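Q: can't give you the sequence, but here's the structure:
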């Protein structure tokens with residue numbers, strides 16, 4: 001049962017998140033040979049001010 005956690009900035013609409021979750025679920029079903037009802041997607045929305053790359057803020 002894949003649990004797929006996605007971290008991203010806040011601001012996406014419910015519709016965008018649903019469409020993305022469906023696309024990821026479809027890919028997991030195809031690649032991992034699992035059933036859609038076994039794929040769990042979670043979103044962790046983190047403020048942009050808390051993201052850094054190479055020690056520098058994004």
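A: Yep, that arrived. Just so we're clear, the structure is a prediction, and the values are computed from it rather than from any experiment.
Q: gap between the most centrally placed residue in the chain and residue 55?
A: By CA atoms, centre = their mean, the mean C-alpha position of the chain lies nearest to residue 6, the distance being 3.0 Å. According to CB to CB, to the nearest Å, residue 6 stands 24 Å off from residue 55. The C-beta positions use only the backbone N, C-alpha and C, and glycine is treated the same way.
Q: Same question for residue 4.
A: 28 Å.
Q: Please identify which of these two sits among more neighbours.
A: Remark: of residue 4 and residue 55, residue 4 carries more neighbours, 14 against 5, as counted by other CB atoms under 10 Å.
Q: residue contacts, residue 30?
A: By CB atoms under 8 Å, 6 or more residues apart in numbering, no residues touch residue 30.
Q: What of residue 58?
A: Residue 58 neighbours (CB under 8 Å, 6+ apart): 48, 51, 52.
Q: Of the residues you listed - the most surrounded one?
A: Ranked by the number of neighbours (other CB under 10 Å), the contacts of residue 58 place residue 51 first, at 13 neighbours.
Q: Just want to check the distance between that one and residue 45.
A: 12 Å.
Q: got any residues that touch both of these two?
A: residue 9.
Q: ok, now which ones touch residue 53?
A: Counting by CB under 8 Å, 6+ apart, there are no residues that residue 53 touches.
Q: Find the residue closest to residue 5 in space, skipping its chain neighbours.
A: In this structure, residue 5 finds its nearest non-sequential neighbour in residue 42, 5.0 Å apart by CB to CB, 6 or more residues apart in numbering.
Q: Can you classify that neighbour by secondary structure?
A: The three-state assignment at residue 42 reads strand, by DSSP: H, G, I helix; E, B strand; the rest coil.
Q: Burial check on it, number of neighbours?
A: Residue 42: 10 surrounding residues under other CB under 10 Å.
Q: tell me the contacts of it?
A: Contacts of residue 42 (CB under 8 Å, 6+ apart): 3, 4, 5, 6.
Q: just checking, which of those belong to strands?
A: Using DSSP state E, the members of the contacts of residue 42 that fall in strands are 3, 4, 5, 6.
Q: No further questions, thank you.
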